[in-house]
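J.: Pasting a predicted model and its sequence here:
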Amino acid sequence: MDAVLLSPDCADPLYRRSVKVSMGAVFSVPYARLETWPKGLDAVRDAGFTLLALTPDEKARSLDEAAPHRMDRVALMLGAEGDGLSTKALMSADEWVRIPMAHGVDSLNVGAAAAVAFYAVATGRPQS
């Protein structure tokens, strides 16, 4: 991923534990904090990104169907574990996408969901 955008109330990525569990990745991946959420996403869309909100909602298309690896510029929206994305954030997205799950499993933790979604964006993307 090229960068991470954080909502105003997201945890501090430079917090000691965050640095430790990320194995220092916070120092190699650029990040910025949006001043408003989800209104700040308008600037991301205006920059040419398609906003994909990850949600376990059954109305969402699967990542395979959405084919984010074929999109020019993709911004993935991930919510907090438990609550997920707010209704306002979901309404701000261009599309809802979900990770297909085995029966009886409703969702992954946010770290695992991010890894699967990042892979779906990167795999099959033409090399530049």
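T.: That came in fine, so what should we check first?
J.: Low-confidence ranges, this protein, go.
T.: 126-128 (pLDDT under 70).
J.: For it, just list every one of the strands.
T.: Using DSSP state E, the strands of the chain run over 4-6, 31-33, 50-54, 61-62, 74-77, 95-98.
J.: neighbouring strands for the fifth one, and are they parallel or not?
T.: This means strand 74-77. Here strand 74-77 has these sheet partners by DSSP bridges: strand 50-54 (parallel).
J.: Kindly report the domain assignment for the protein.
T.: 1-33, 36-122 (automatic domain parsing).
J.: Now do the contacts for K20.
T.: Residues counted as contacts of K20 (C-beta atoms under 8 Å, 6 or more residues apart in numbering): none. Where you see a C-beta, it was placed from the backbone N, CA and C, and this is true even at glycine.
J.: buried residues in the lengthiest helix in the chain?
T.: Looking across the chain with DSSP state H, the single longest helix is helix 110-122. By 16 or more other C-beta atoms under 10 Å, the buried positions in helix 110-122 come out as A113, A114, A117, A120, V121.
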